[in-house]
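1. I would like the atomic coordinates for the input below:
(4 chains)
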Amino acid sequence: MKLIAEIAGAQHEVEIGRDRSRVVAQVDGRRYEVEALASRPGVYLLLSEDKVYECRVERGAARRESLEVAVGSHAYAVTLTDPKRLRGTSQSGAHAGGTAQIIAQMPGKVVRVLVEMGAEVEAGAGVVVVEAMKMQNEIKSPKAGKVTSINVAAGATVNAGDLLAVIE
Amino acid sequence: MKLIAEIAGAQHEVEIGRDRSRVVAQVDGRRYEVEALASRPGVYLLLSEDKVYECRVERGAARRESLEVAVGSHAYAVTLTDPKRLRGTSQSGAHAGGTAQIIAQMPGKVVRVLVEMGAEVEAGAGVVVVEAMKMQNEIKSPKAGKVTSINVAAGATVNAGDLLAVIE
Amino acid sequence: MFRKILIANRGEIAVRVARACRDMGISPVAVFSEADAGALHVRLADEAYEIGPAPSVESYLRIERIIEAAERCQAEAIHPGYGFLAENADFAQAVADAGLTFIGPTAAAMRLMGTKTSARRIAVESGVPVVPGTTDPLSSLDEARRVAAGFGYPVMLKAAAGGGGKGMRLVTSEEELPSAFETAQSEAAAAFGNSEVYIEKAIERPRHIEIQIFADQHGNVVHLGERECSIQRRHQKVIEECPSPINDADLRERMGAAAVKAARAVDYTGAGTVEFLVSDATREFYFLEMNTRLQVEHPVTELVTGVDLVREQIRVAAGEPLSFKQEEVAWRGHAIECRVYAEDPENNFLPSPGRITHLRSPAGPGVRDDGGVEAGAEVSIYYDPMISKLAVWGRTRGEAVDRLRRALDEYAVGGIKTTLPFFRQIVRDRDFIEGRLDTGFISRFFARRDAAAASTEVGEDDTKRRDMALIAAALDYLTAQQQAASNHQPQGQEQSRWRLSGRMALHRRS
Amino acid sequence: MFRKILIANRGEIAVRVARACRDMGISPVAVFSEADAGALHVRLADEAYEIGPAPSVESYLRIERIIEAAERCQAEAIHPGYGFLAENADFAQAVADAGLTFIGPTAAAMRLMGTKTSARRIAVESGVPVVPGTTDPLSSLDEARRVAAGFGYPVMLKAAAGGGGKGMRLVTSEEELPSAFETAQSEAAAAFGNSEVYIEKAIERPRHIEIQIFADQHGNVVHLGERECSIQRRHQKVIEECPSPINDADLRERMGAAAVKAARAVDYTGAGTVEFLVSDATREFYFLEMNTRLQVEHPVTELVTGVDLVREQIRVAAGEPLSFKQEEVAWRGHAIECRVYAEDPENNFLPSPGRITHLRSPAGPGVRDDGGVEAGAEVSIYYDPMISKLAVWGRTRGEAVDRLRRALDEYAVGGIKTTLPFFRQIVRDRDFIEGRLDTGFISRFFARRDAAAASTEVGEDDTKRRDMALIAAALDYLTAQQQAASNHQPQGQEQSRWRLSGRMALHRRS
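-> Now for the predicted structure:
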């Protein structure tokens, strides 16, 4: 089976075959023979050339194609695409085509909206302040541009993934 | 739903109804309204009149109808019978009808057989010595009687539930 | 001694107090909001009372519901933990009025130390040095501007009713003052229901060092030495240690004496903490405030002095004298605590609520993990995102750091983001290892880290580790695929393992 | 210092040693049998080598496979843990011959102390008191009978190569001697590959107290005080504490000096333990044997002295001097350890192998749990059934007992039987609480318990708790039934919880 994995913006080709606990894989042409044990859901103990890698695979809450893989105390955000079946994520989120969508990353309450419709903002300027878990978090604009949409008002309750504002 | 539960040799009638987390139960006529939460497989958090009971239900390895229920630091061996569906265990094991079946309670190796065919043994007399986990365990006769069958020899490997000998 | 204590809190501190109750043969009673029905602090209690919906104003902050529960179960005393109602004098008074024992100081002592302006006045009166600034809440932005101009920038804006760094703002220039003043007031109002703010001279490169004190009802007041809490993020402590890396017996003695003086001034009883700023250069110290409750970071003092502070709180509340004298307090070795938060350190420490799918707590020599959650638990958006306090002890600070590094590497939490990766970097930071701490540590640490990241090359080990991550991800996908294809077909042992895994994975997706 | 250490062991001690390696920045390497491929000690290592099938003679006892693995991964040293090859002088020699460092004493010292008869001779020669008995293995039953008659019954039969109580038999009369002699020889042969047995006068109501010693390669030999290990079942320690409840500084000094003398007599290096029998009445002590390795119960000494014994072992093996002097060793508070075994206390402590379906390890102040397993792990029939060591510390013995009781109540292990219920009874036993210990404690405890059980009435609380157990069992059944009926139908959140539970249950049944 061949998969495309994206990690930190770079694409990698992963080819994998399994016969019980024996796994043969190629990652960008690097060949690995791995002894793999899955004793618990999502936890894979890999032994490759006697080195131990305990890997925990978690599915992301927001986007389903994105996985979080922890190896020991290191963590990787991985997006998998199966050329045969899955449709890759078309970068639906953040800054597609010069437009920045300001998205709520967790549930909370809007405390203040810091910009007005049509205003010009700098990259890094605060757009909305959301309070959750007793902390006020200022959500900043990833780019300089003009506020073309404000979708929430102070006092509103928002969920993770809600569109708060758009900067173009 | 009505069930018969056996615990430490005594039978109890358990009637139970559930509506989401609300459970109404009668045990031998004692009525309980219980708030039940099953956050993990086999772990039931029961709140009855504000008292907290964290119960863990385990299925026994040897006999499937027998459950081990731990409540806090107390443990109960429970055998459930559903009059409508399950068939109760007919006391297949130990001393049915004056006959004592000496059963291996765990896997191991027979070190010595201490009795001979036809011998008379006292209650509590050693019958077979089985070694497991580096310990030699002498399996004793639960009753006085005559050895009518010896099913293993020294050196044999036995599994849990294997019949080792019969005393009548 | 009490037979039953109601614990008016949740999370790790409720668990901590329940453990002390168990040690003393006292039955612990929990209260819980609708969001906490299956929480660990409920599971470890003998009785549990639901006190309202998830938001804390509707549950953990409802004084009458809590006292009602205590009366219903016939508890003799209430332990408030920290946070929520722990520093609410009205609560302490209401508990006393109901004929129950409040495990903490008197409402009067709490009121005197409860606002920073009043506490500061008491400190000045009893001869404890304070930081230059106002002792009364600011009436307006104009007043703020005027006072700040008096001793010059940087200045610090602080919520009068605050604590834990909430409602604190550093202002480095007059231009920043208007927006900071507004934000500080609004955060103070949101967090404490009191928008009063005051202003102080900001001391540059100060160390935050606090003294644990303890007083009984028989006039005995002792101190248990200091905790250094200079490592703060957004003015909130994240790493605390005992002793301070300064480890100066003379300074400890002088600060301890000052703290005891402040406590005596308000006829304090129970556990309390007097916070100071200490100038790293001159070793001068300034009274900041007094926390009239158990601190989050109390375990480091416990590990080094051997005294169980919660047990001592309960003893003292029951009228017993302190179980030790000042001259019997001895400090042995070094302890460090990390507050593990459900926050994403790679994303500006944004809270990361969600279900904990996997949990491996560290253990072994010198490691104490005070957790408030178990695998399967939901970290809710309604409460403080701290999921555990990891504390370590070592014979020396070096050994403590070694054990902390090991424990952090061993710690695994799945399903949510935590501050563990952030701590793993800190324990490898040269300044941290050498104990060069002040309240500016974190921002300098971030600068160092970013500089280091830019110059680090990717090694062979890193590539291989990353490749293993990709292989694990692919295996997980493959497993789910095969599971979908061969659902319900008879399978052997090894395959059924994979099958279970796949099934759970699908389940999680749904 | 070493860069890489191979750990020639499994279970909790392999985990313990790996943690010490991590603390020191040393890379830990695991070895494992086929049965242990997914074990915790493998997961916590950097590298892992399979060394053979499950039976230990084919894996953990195979010297050449272990040395081969060490050479392959370029480890500089091997830590043997306890058990398996830890007291095998041939192994120590083979490690040295391969140019690697054996973390333990020299093969010569191990040989001298390795058989009890030789150790006893050395003790006698160096003026350490011993129990009357033979110093040579018995050649026949007749000789046994003759020697026993010399000092009278009761006598003790002991395996010359034994340890941990294996191959030990108490014989109270001459009639019992023939069968006991045969069994002792056969157990000795099975356990140690050496059927030699010797005989000693049995001291009545003796306390088993041992001294931890430590020696470096520079001639420094110190002791770290005593551990009382009188609570034994089948001559195997189950509860150990430091200090002994006797807590007599003078006795500690005299026993410590004797232990140091014995260690010096064999040019000992590293960690070692000298075991004594102590007469409760006269406080006379008798040398029993010397264990030339780390003891299972080392954590209680660590908790009270603050010294990390495994770290010290590694330092000393690397040639460093001891990190402390005799006069710097201080004992603070009290520590108690319980060995948690996968055994059924209600069924004559029959081993209880199987899968651990649920695991809640205790935590909080004063609690240290050194575990070798995680939830989901399989407790195999091939190895010692100890799954963890629960150790607690308190300022006083009373506080330690309080914390132990709480930790035991908090500890939950599902899927297998453990000795936890047995310990929960012991910590509530009056004699235990008051520290009235000797090696006959357990049998007297059982007698007291049976007597108490006979006279205990069932209270209302007990009935309700039992009813809740029945309700939980019924709920579990109901859940499984409903799951079977409504498989694969779309369901809401609450139901899907139940569904998952049911599905897992069915899975477990298959």
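2. Let me see the domain layout of chain A.
-> Annotated domains of chain A cover A:2-81, A:96-167 [automatic domain parsing].
3. Now do the contacts for the residue lying closest to A:Val121 once chain neighbours are set aside.
-> Take A:Val121 and drop its neighbours on the chain: the residue closest to it by C-beta to C-beta, 6 or more residues apart in numbering or on different chains is A:Ser141, 5.0 Å away. The C-beta positions use only the backbone N, C-alpha and C, and glycine is treated the same way. Residues in contact with A:Ser141 (C-beta atoms under 8 Å, 6 or more residues apart in numbering or on different chains) are A:Ala100, A:Ile102, A:Val121, A:Glu122, A:Ala123, A:Gly124, A:Ala125, A:Gly126, A:Val127, A:Ile167.
4. so what's A:Ser141 scoring on pLDDT?
-> Per-residue confidence (pLDDT) for A:Ser141: 83.
5. Same question for the one 5 residues further on.
-> At A:Lys146 the predicted local distance difference test score is 89.
6. Phi first, then psi, for it.
-> phi -110, psi 140 (degrees, to the nearest 10).
7. Let me know whether it touches A:Val115 as I believe.
-> No: taking C-beta atoms under 8 Å as the definition, A:Lys146 is not a contact partner of A:Val115, at 9.8 Å.
8. joint contacts of the two?
-> A:Val121.
9. I'd like the domains of chain A as a markdown table, with distance to D:Ser59 appended.
-> Shown next, in a markdown table, are the domains of chain A (distance: least, C-beta to C-beta, whole Å):
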| stretch | distance to D:Ser59 |
| --- | --- |
| domain A:2-81 | 16 |
| domain A:96-167 | 49 |
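10. To which secondary structure element is residue 149 assigned?
-> Here I'm looking at chain A. According to DSSP states H and E, A:Ser149 maps onto strand A:145-150.
11. Can you look at chain C instead?
-> helix C:141-151.
12. Check which helices and strands that helix sits against.
-> In terms of contacts (3 or more C-beta pairs under 8 Å, 6 or more residues apart in numbering or on different chains; DSSP states H and E), helix C:141-151 is packed against helix C:177-192, strand C:197-201.
13. Can you tell me, leaving aside adjacent residues, what's nearest to whatever residue of the stretch 101-250 of chain C ends up closest to chain D?
-> With C-beta to the nearest C-beta as the measure, C:Leu224 is the residue of the stretch 101-250 of chain C nearest to chain D, at 13.0 Å. With C-beta to C-beta, 6+ apart as the criterion, C:Leu224 has its nearest non-adjacent residue at 4.2 Å, and that residue is C:Gln212.
14. So what's the residue count around that neighbour?
-> 29 (other C-beta atoms under 10 Å in any protein chain shown).
15. I'd guess it is in a helix, am I close?
-> No: counting by DSSP: H, G, I helix; E, B strand; the rest coil, C:Gln212 falls outside a helix, being strand.
16. what residues are up against it?
-> Counting by C-beta under 8 Å, 6+ apart, C:Gln212 touches C:His223, C:Leu224, C:Gly225, C:Glu226, C:Arg227, C:Ala271, C:Gly272, C:Thr273, C:Gln295, C:His298, C:Thr301, C:Leu309.
17. try it again with 7 Å
-> C:His223, C:Leu224, C:Gly225, C:Arg227, C:Thr273, C:Thr301 (C-beta atoms under 7 Å, 6 or more residues apart in numbering or on different chains).
18. Which pLDDT value goes with it?
-> pLDDT, C:Gln212: 98.
19. do the same with C:Glu346
-> C:Glu346 is assigned 82 on the pLDDT scale.
20. do C:Ala160 as well
-> 82.
21. Wait, it touches C:Asn194, no?
-> Yes: in this structure, C:Ala160 is within contact of C:Asn194 by C-beta atoms under 7 Å, at 6.5 Å.
22. Just want to know which of the two has more residues nearby.
-> Between C:Ala160 and C:Asn194, counted using other C-beta under 10 Å, the more crowded position is C:Ala160 (21 against 16).
23. Excluding residues flanking it in the chain, which one is nearest the more buried one?
-> C:Glu196 (3.8 Å).
24. roughly how far out does the longest helix along chain C sit from the chain middle?
-> In chain C, taking DSSP state H as the definition, the longest helix is helix C:460-485. Here helix C:460-485 is found 37 Å from its chain centre; the criterion is C-alpha atoms, centre = their mean, to the nearest Å.
25. ok, is it in contact with chain A or not?
-> Yes: on the criterion C-beta under 7 Å from any C-beta of the partner chain, helix C:460-485 is in touch with chain A at C:465-478.
26. Show the average pLDDT along that helix.
-> 88.
27. Any residue of it touching chain D?
-> No: judged by C-beta under 7 Å from any C-beta, helix C:460-485 stays clear of chain D, getting no closer than 10.3 Å.
28. in that helix, what counts as buried?
-> Within helix C:460-485, the residues that qualify as buried are C:464-480, C:482-483, counting by 16 or more other C-beta atoms under 10 Å in any protein chain shown.
29. which strands and helices sit next to the strand holding A:Ser149?
-> Strand A:145-150 makes packing contacts with strand A:120-121, strand A:163-167 when contacts are defined by 3 or more C-beta pairs under 7 Å, 6 or more residues apart in numbering or on different chains; DSSP states H and E.
30. Could you save these as JSON lines and add columns showing mean pLDDT and mean neighbour count?
-> JSON lines is the format used below for the helices and strands packed on strand A:145-150 (pLDDT from 0 to 100; neighbours: other C-beta atoms under 10 Å in any protein chain shown):
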{"stretch": "strand A:120-121", "mean pLDDT": "88", "mean neighbour count": "16"}
{"stretch": "strand A:163-167", "mean pLDDT": "88", "mean neighbour count": "20"}
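31. can I get those strands in JSON lines with distance to A:Glu58?
-> Converted to JSON lines, these look like this (distance: least, C-beta to C-beta, whole Å):
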{"stretch": "strand A:120-121", "distance to A:Glu58": "34"}
{"stretch": "strand A:163-167", "distance to A:Glu58": "25"}
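32. what's the closest of the ones you listed to D:Gly38?
-> strand A:163-167 (44.4 Å; C-beta to C-beta).
33. what angle sits between the closest one and strand A:145-150?
-> 150 degrees (axes from the mean of the first three to the mean of the last three C-alpha atoms, to 10 degrees).
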